[in-house]
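Novice: Got a predicted model here, sequence first, then my questions.
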Amino acid sequence: MTPTAASLTNETAAARARAVIPGGVNSPVRAFGSVGGTPLSIVAAEGATVTDVTGREYVDLVASWGPALLGHAHPRVVEAVREAATRGLSFGASTPGETELAELVADRLDLHGVRGLERLRLVSTGTEATMTAIRLARGATGRDVIIKFAGHYHGHSDGLLAESGSGVATLGLPGSAGVPAPVAGLTLVLPYNDRDAVRDAFAAHPGRIAAIIAEGAGANAGVLAPEAGFNDFLVRTARENGALFILDEVLTGFRVHPAGWWGLERERGARYVPDLYTFGKVIGGGMPLAGLGGRAELMEMLAPLGPVYQAGTLSGNPLAVAAGIETLRLSDAAVYAHVDSASARVASALTEALAAAGVAHTLSFAGSLFSVAFRDAPVRDYADAKDQDAWRYGPFFHAMLQHGVSLPPSVFEAWFLTAAHDDAALSRIEEALPYAARAAAS
Ligand code: PLP
């Protein structure tokens, strides 16, 4: 087991980390910047819980920021990784597992006779997936400009950081230093759910827009779900103007529905099929794995068949692929039904606790994903998400932590339930919420 020396505290662990790691973290949101206090230093995670260096256990609603759909360290996923490791850690060559995973994904996106995806290329991170999708869209259309939406996060590649969600939103940044102005200038950032803004952008840049990229449902500035018909509108408008539509399912893919946000929206009557999808998180079951996929004719513009280059020493790593295959195999209808109902139960306890404490709030939903915003009115776009009493989240977050529940350390993140959140875990969350709601009220 992982050592938890009695003398170790989260404070000493963080101080030691800060001496050798910038800010003590390898991804900014982990630093607790917007909630204050000392980040937890985690030594183990199992099922619905994580354990910090002091040995204290918390019910976890971060789920590694989404991948842990089955809960942490599902024994069969761990066994699949262990078994793969006995055969070698990385080959730098094709493996049967990669093909099997691509088939599993293609099968899931084969919905009621509509083949959503014909080819899948595996990479290691969501950032690589969206970066490659953009390059492919540019290569296919011969155009340079892309449209993204304010508050949507697509990873940290240069062109996609403008008015981005996730850590960029948490830290209140407009974008990032170090992005050359000519690169940033190729990204048009539009308000989400605003059809006129999209029409106007195409009118203002005729023949220059390669693609629209959108999160399935935004979940990085709190949950920003598309209004009914918005994604259909985006695909139609892109097609009418010779541009492509990239659906970023890194966070929503295989989490909100077996076929991701696209599958969930099709069940609700949407008719669009994206040109390209990007995946991450659940597809690797907690290991570094991501992918991009779409129609054969488009995907086959990637090297070695086509002129658009992309590569990776560890792409399709056999341990990560083994975790991904086992995770997708185990994620059956019962898993999705459980995550849906666990989510609904926590959301309703949350709103009840906040209402009882007299705290103005609104919950936003996208399937089983939800987030809270401390304002009365619903959240439709990033401007709405920022227009709230965000300061209430710090005391709320820390009261939950004191009562043994680990939330995402930012109000701009979704809460992640898993198949491992059983009645005992959900009850602990329900018991903690009234304390946190009272802390948010004061
Ligand atoms: N796209 C979306 C929608 C995401 O939520 C994220 C990460 O949170 C990414 C892309 C980037 O993925 P990664 O952190 O694996 O680079």
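Specialist: That came in fine, so what should we check first? Residues are numbered from 1 along each chain as shown.

Novice: which stretches of the stretch 101-250 of the chain form helices?
Specialist: Ranges of helices within the stretch 101-250 of the chain are 126-141, 167-170, 181-184, 195-204, 230-240, based on DSSP state H, counting those that start in this stretch.

Novice: Now do the fourth one: everything it contacts.
Specialist: Yep, that's helix 195-204 we're talking about. 147, 188, 190-191, 209, 212, 230, 233-234, 237, 241, 243 (CB atoms under 8 Å, 6 or more residues apart in numbering). All C-beta atoms are positioned from the backbone trio N, CA, C, and that covers glycine.

Novice: what about 6 Å?
Specialist: Among residues not part of helix 195-204, those counted as contacts by CB atoms under 6 Å, 6 or more residues apart in numbering are 147, 188, 190-191, 233, 237, 241.

Novice: Quick check: buried residues in that helix?
Specialist: Going by neighbour count (16 or more other CB atoms under 10 Å), the buried part of helix 195-204 is 197-198, 201-202.

Novice: can you check the third one too?
Specialist: Neighbour counts using 16+ other CB under 10 Å place residue 184 of helix 181-184 among the buried residues.

Novice: Columns mean pLDDT and distance to residue 50 on top of the helices of the stretch 101-250 of the chain, output as JSON lines?
Specialist: As requested, these are arranged in JSON lines below (pLDDT from 0 to 100; distance: least, CB to CB, whole Å):
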{"stretch": "helix 126-141", "mean pLDDT": "98", "distance to residue 50": "22"}
{"stretch": "helix 167-170", "mean pLDDT": "64", "distance to residue 50": "20"}
{"stretch": "helix 181-184", "mean pLDDT": "88", "distance to residue 50": "37"}
{"stretch": "helix 195-204", "mean pLDDT": "98", "distance to residue 50": "40"}
{"stretch": "helix 230-240", "mean pLDDT": "98", "distance to residue 50": "34"}
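
Novice: mind checking the SS state of the residue nearest to the spatial centre of the chain?
Specialist: When the chain is reduced to its mean C-alpha position, the nearest residue by CA atoms, centre = their mean turns out to be residue 251, at 2.6 Å. Using DSSP: H, G, I helix; E, B strand; the rest coil as the criterion, the local structure at residue 251 reads coil.

Novice: Surely it touches residue 65?
Specialist: No. Between residue 251 and residue 65 there is no contact under CB atoms under 6 Å: 7.9 Å.

Novice: Identify the contacts common to these two.
Specialist: Applying CB under 6 Å, 6+ apart, one finds that no residue jointly contacts residue 251 and residue 65.

Novice: Check the chain for the residue nearest the ligand and tell me.
Specialist: Of the chain, the residue with the smallest distance to the ligand, taken as CB to the nearest ligand atom, is residue 126 at 2.2 Å.

Novice: what does the stretch 1-150 of the chain have sitting close to the ligand?
Specialist: With CB under 6 Å from any ligand atom as the criterion, the stretch 1-150 of the chain meets the ligand at residues 65, 125-127, 130.

Novice: Which residues are in contact with residue 41?
Specialist: 10, 13, 52-53.

Novice: and of those, the nearest to residue 414?
Specialist: Nearest to residue 414 among the contacts of residue 41: residue 52, at 22.3 Å, using CB to CB.

Novice: For beta bridges, what are the partners of the closest one?
Specialist: With DSSP bridges applied, residue 52 shows beta-bridge pairing to residue 42.

Novice: hang on, it packs against residue 38?
Specialist: No. Assessed by CB under 6 Å, residue 52 is found out of contact with residue 38, at 10.2 Å.

Novice: for the nearest residue to residue 301 once chain neighbours are set aside, phi and psi?
Specialist: Nearest in space to residue 301, with sequence neighbours left out and distances taken as CB to CB, 6 or more residues apart in numbering, is residue 308 at 5.0 Å. Comment: the main-chain dihedrals of residue 308 come out as phi -90, psi 120, following degrees, to the nearest 10.

Novice: quick thing: my sequence starts at 58, can you match it?
Specialist: Noted, 58 is the first residue going forward, which turns the last one into residue 365.

Novice: residues near residue 365, how many?
Specialist: Residue 365 is flanked by 18 other residues according to other CB atoms under 10 Å.

Novice: Equivalent analysis for residue 349, please.
Specialist: The criterion is other CB under 10 Å. On that basis, residue 349 has 32 neighbouring residues.

Novice: can you confirm it is in a helix?
Specialist: No. According to three-state DSSP, the state of residue 349 is strand, so it is not within a helix.

Novice: Tell me where the longest helix sits in the protein.
Specialist: As far as residue count goes, and with DSSP state H defining each element, the longest helix of the chain is helix 390-413.

Novice: So stretch 299-307, near the ligand or not?
Specialist: Yes. With CB under 6 Å from any ligand atom as the criterion, the ligand is reached by stretch 299-307 at 305, 307.

Novice: got a list of what the residue nearest to the centre of the chain touches?
Specialist: When contacts are counted by CB under 6 Å, 6+ apart, residue 308 is found next to 123, 276, 338.

Novice: do that again at 10 Å, thanks
Specialist: By CB atoms under 10 Å, 6 or more residues apart in numbering, residue 308 lies in contact with 122-124, 183, 210, 222-223, 272-277, 317-318, 335-339, 423, 426, 471, 473.

Novice: Need the pLDDT of it.
Specialist: The model reports residue 308 with a pLDDT of 98.

Novice: do you know how far it is from residue 359?
Specialist: Using CB to CB, to the nearest Å, one gets 23 Å for the distance from residue 308 to residue 359.

Novice: How about residues contacting stretch 143-158?
Specialist: By CB under 10 Å, 6+ apart, the list of residues contacting stretch 143-158 from outside reads 137, 141, 177-179, 340-341, 346, 348, 369-382, 384-386.

Novice: domain ranges for the chain?
Specialist: The chain breaks down by automatic domain parsing into domains covering 78-131+391-498, 133-387.

Novice: what about the shortest one, start to end distance?
Specialist: Length of domain 78-131+391-498, first residue to last, CA to CA, to the nearest Å: 36 Å.

Novice: for the last one, same thing?
Specialist: Using CA to CA, the end-to-end distance of domain 133-387 comes out at 9 Å.

Novice: roughly how far is it from the heart of the chain?
Specialist: Its chain's C-alpha centre and that of domain 133-387 lie 11 Å apart, by CA atoms, centre = their mean, to the nearest Å.

Novice: I'd like to know how many residues surround the closest residue to residue 402 other than its chain neighbours.
Specialist: By the measure of CB to CB, 6+ apart, the closest residue to residue 402 outside its immediate chain neighbours is residue 483, 5.6 Å from it. The criterion is other CB under 10 Å. On that basis, residue 483 has 19 neighbouring residues.

Novice: To which secondary structure element is residue 483 assigned?
Specialist: In this structure, residue 483 sits in helix 480-498 according to DSSP states H and E.

Novice: Return the set of buried residues in that helix.
Specialist: Residues 482-483, 485-487, 489-497 are the ones in helix 480-498 that count as buried (16+ other CB under 10 Å).

Novice: Within range of the ligand, give me the residues from the stretch 258-407 of the chain.
Specialist: Applying CB under 6 Å from any ligand atom, one finds that the stretch 258-407 of the chain approaches the ligand through 272, 277, 305, 307-308, 337, 347.
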